[in-house]
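Colleague: what follows is a predicted structure for the sequence shown.
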Amino acid sequence: MAFSFSKLFNKTESTQNTDDTIEAIIASIEHQPYAVSDNNVLFAGLNELGGYFFFQTIIVGQLKVKVKNGAQLIFSGESFELQLDSDSIEFESDPTDVKGRYITKIDFQIEEADIKALEKAKLKNILLKVKNKEITFGKYEGFDEEE
């Protein structure tokens with residue numbers, strides 16, 4: 001159940017867009033978002049390397065940080081809470097061609113048993129704690145392909 005970020009970004013994106021919105025971010029990226037906040041979109045996937053599991057995330061939007069003490073990702077739902085700690089304690093956001101938009105890549109350690117619980121959970125929100133910021137994401141409910 002690997003997730004590849006190599007084809008995440010659409011290279012045809014305009015560099016003249018200054019009114020960046022959640023809709024613009026979603027439209028410019030090839031993958032389905034995992035969750036959204038007011039100013040950021042969270043893309044995520046699971047990966048395994050040498051028997052260790054990672055919840056890989058990329059946050060695209062206004063989040064701009066340079067971190068030396070890690071981050072936490074907290075999933076909350078009906079009778080469910082799971083806190084993941086970042087794999088690396090140091091990371092920073094990278095600017096994009098779109099004014100005011102940044103990309104922040106964070107990998108979180110996750111246990112195999114927690115993966116199964118997370119897949120079954122009915123999530124209410126996802127909280128990212130990074131530096132002095134807390135960003136609350138809601139699970140993204142994409143468009144149905146039944147149209």
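Modeller: Yep, that arrived.
Colleague: okay, now Tyr34: neighbour count?
Modeller: 19 (other C-beta atoms under 10 Å). No exception for glycine: its C-beta is placed from N, CA and C like everyone else's.
Colleague: so the residue nearest to it when sequence neighbours are not counted: helix, strand or coil?
Modeller: Setting aside the residues directly before and after it, Tyr34 is nearest to Ala44 in space (C-beta to C-beta, 6 or more residues apart in numbering), at 3.9 Å. Judged by DSSP: H, G, I helix; E, B strand; the rest coil, the three-state class of Ala44 is strand.
Colleague: from Asn132, how far out is Phe54?
Modeller: Computed as C-beta to C-beta, to the nearest Å, the Phe54 to Asn132 distance reads 25 Å.
Colleague: for the protein, just list every one of the strands.
Modeller: In the chain, the strands defined using DSSP state E lie at 35-36, 40-49, 52-61, 66-67, 71-77, 80-85, 91-92, 94-95, 102-110, 123-130, 133-139.
Colleague: adding mean neighbour count as columns, could you present those in a markdown table?
Modeller: Converted to a markdown table, these look like this (neighbours: other C-beta atoms under 10 Å):
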| stretch | mean neighbour count |
| --- | --- |
| strand 35-36 | 22 |
| strand 40-49 | 19 |
| strand 52-61 | 21 |
| strand 66-67 | 14 |
| strand 71-77 | 18 |
| strand 80-85 | 15 |
| strand 91-92 | 16 |
| strand 94-95 | 10 |
| strand 102-110 | 19 |
| strand 123-130 | 18 |
| strand 133-139 | 16 |
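Colleague: the ones you listed: which one's closest to Ser28?
Modeller: With respect to Ser28, and counting by C-beta to C-beta, the nearest of the strands of the chain is strand 52-61 at 8.6 Å.
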